[in-house]
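Visitor: sequence first, then the predicted structure:
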Amino acid sequence: MNFEISAGNTSPRMSAVVIDSDDEARNFAGALVEEVALCVVGCICAASALTTLEWTADETVLVLADIGPLGETDGIELACLIERRWPWVKTLIQSSDPPVWHGRQTGTLFMQKPWLPLQVFIEAEKALDAARDFR
């Protein structure tokens, strides 16, 4: 399954970026987020996610990323960068282990693996609702 922003839609459609090096995990999370009527862009590393956000940040409402290494950046570093550059984008970090924030202040949400599909669905819905209120 490949997820990408739909070019055929003329009205702006809100989107989400799902980052995970594991294809199966990325596709599963993407499919859940897509159920909330968000376009989903799947990325395997932080660099590709940042490039995607450079082009789509105005329509992006959610970034879902693994906490582990995402190329040269980990999920926490990525979340801090997103929060500084695109504060309206909700960031959701997932990991098997509890997060170590290293004293950084962040509005990033954490989700423990294994998570329930409903958790992802609810957070995606909250991000979409927040974006509607923000605009």
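Guide: Yep, that arrived. Residues are numbered from 1 along each chain as shown.

Visitor: which parts of stretch 79-93 are buried?
Guide: 79-83, 86, 89-93 (16 or more other Cβ atoms under 10 Å). No exception for glycine: its C-beta is placed from N, CA and C like everyone else's.

Visitor: bridging residues for the closest residue in space to Arg13 that isn't next to it in sequence?
Guide: Counting by Cβ to Cβ, 6 or more residues apart in numbering, Arg13 lies nearest to Cys39, which is 5.2 Å off, once chain neighbours are set aside. Beta-bridge partners of Cys39, counted by DSSP bridges, are Ser15.

Visitor: neighbours around Cys39, how many?
Guide: When neighbours are counted by other Cβ atoms under 10 Å, Cys39 registers 21.

Visitor: assess the claim that it and Val18 are in contact.
Guide: No: judged on Cβ atoms under 8 Å, Cys39 makes no contact with Val18 at a distance of 11.1 Å.

Visitor: same for the helix ranked longest in the chain, what does it pack against?
Guide: For the chain, the longest helix by residue count, based on DSSP state H, is helix 117-134. Where contact means 3 or more Cβ pairs under 8 Å, 6 or more residues apart in numbering; DSSP states H and E, helix 117-134 is packed against helix 23-34, strand 60-66, strand 90-95, strand 109-112.

Visitor: give the buried residues for the first one.
Guide: Residues 26-30, 32-34 are the ones in helix 23-34 that count as buried (16+ other Cβ under 10 Å).
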